[in-house]
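A.B. asks: I would like the atomic coordinates for the input below:
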Amino acid sequence: MQRAPQFITGDFEPHHCFLQDDEYGRALDAMVKAVSDILVTSRSGAKVFLGRRKVEPQPDWWYIGGRSKPGETPEEAAARSVRRELKLDIPVERFEVIANYSFVWQFRKQAPQGNGTADISTVHCLELSEEEVSKAEFDNKEYAECKWWEVEEVLAGEFHPALKQAIWDSRSKKSYKTLEKIVANS
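C.D. replies: So this is what the prediction gives:
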C-alpha cells in the first residue's frame, strides 16, 4: 500500500482556525493549497463513484475530497473528507495514494472568483462496496448528485482529464502490483 510520507520536525502543534471567505480569498491569492482527493472505485475496479459539484473550482463531476489541515497526513485528510462529504467512517489504511497532481483553476468560490486558485492534490484510491455507498449521506451543499459511473464511460466521455489520468494511473499501479507478485512467486 502506497502512502505519502509525512516528516514532522520539532514539536509541531497545529493551530486550526476558520477563515472567513474574504480572508480565505486573500490567502488563496498568495498560496497553493494542499488537498486530498479520493477516487472511489468498486471492488472490481470497473466503476468509479463521482460527485457532481455545485461550487467552483470544479462545478462538474469530480472526486470526493477537500483541503488538508496542518498536521494531517494526506490519508487522514482523505478520511476526514469522506466522513464530512459521505458520512462514512473509513479507516485511513484503506486509502491508497495513486499520485500527486497540480491543479490551476480559473475560478474559485471565494471573491474575487476570477482570481482562481491552485492546488497540489494527493489523489487516493478507495474501494467501496455498493452496500457502503448505499449507506452514504451526501453533502447537499457541495454536491448536486453522486453516482456510479462505468470506468469506460468516464475514459470515453466529457470528464475532466485529471479524472481520466487518475483512472489510468490507478490501473497502472494495479498492473505493477500484479507483476510484483508474479516475480516474487517465481
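A.B. asks: how far away is residue 53 from residue 85?
C.D. replies: Between residue 53 and residue 85 the computed distance is 10 Å (CB to CB, to the nearest Å). C-beta: built from backbone N, CA, C; applies to glycine.
A.B. asks: Return every residue with contacts to both of the two.
C.D. replies: Residues touching both residue 53 and residue 85 (CB atoms under 8 Å, 6 or more residues apart in numbering) are 142-143.
A.B. asks: Tell me how many other residues crowd residue 53.
C.D. replies: Residue 53: 20 surrounding residues under other CB atoms under 10 Å.
A.B. asks: for residue 167, that is, sorry about that
C.D. replies: That count, for residue 167 with other CB under 10 Å as the rule, works out to 21.
A.B. asks: and what of residue 99?
C.D. replies: Neighbours around residue 99, by other CB under 10 Å: 18.
A.B. asks: for the chain, which spans come out with low pLDDT?
C.D. replies: 1 (pLDDT under 70).
A.B. asks: Quick check, central residue of it?
C.D. replies: residue 37 (0.8 Å; CA atoms, centre = their mean).
A.B. asks: if we look at the strand or helix carrying that residue, which residues are touching it?
C.D. replies: Residue 37 belongs to strand 33-41 when assigned by DSSP states H and E. Contacts to strand 33-41, defined as CB under 8 Å, 6+ apart, come from residues 47-50, 62-68, 74-75, 77-78, 81-82, 95, 98, 117-128, 133, 151, 163, 166-167, 170.
A.B. asks: next structured bit after it?
C.D. replies: strand 47-53.
A.B. asks: in that following strand, what's buried?
C.D. replies: Buried residues in strand 47-53, counted by 16 or more other CB atoms under 10 Å: 47-51, 53.
A.B. asks: and the helix or strand where residue 103 lies, how far from the chain's centre?
C.D. replies: Under the criterion of DSSP H and E, residue 103 resides in strand 96-105. Its chain's C-alpha centre and that of strand 96-105 lie 8 Å apart, by CA atoms, centre = their mean, to the nearest Å.
A.B. asks: orientation of the helix or strand just after that strand relative to strand 33-41 in degrees?
C.D. replies: Proceeding N to C from strand 96-105, the next assigned helix or strand is strand 117-127, under DSSP H and E. With axes from the mean of the first three to the mean of the last three CA atoms, to 10 degrees as the basis, strand 117-127 and strand 33-41 are set at 30 degrees to each other.
A.B. asks: Buried residues, strand 117-127. List them.
C.D. replies: 117, 119, 121-126.
A.B. asks: strands paired with it, and their directions?
C.D. replies: strand 33-41 (parallel), strand 96-105 (antiparallel) (DSSP bridges).
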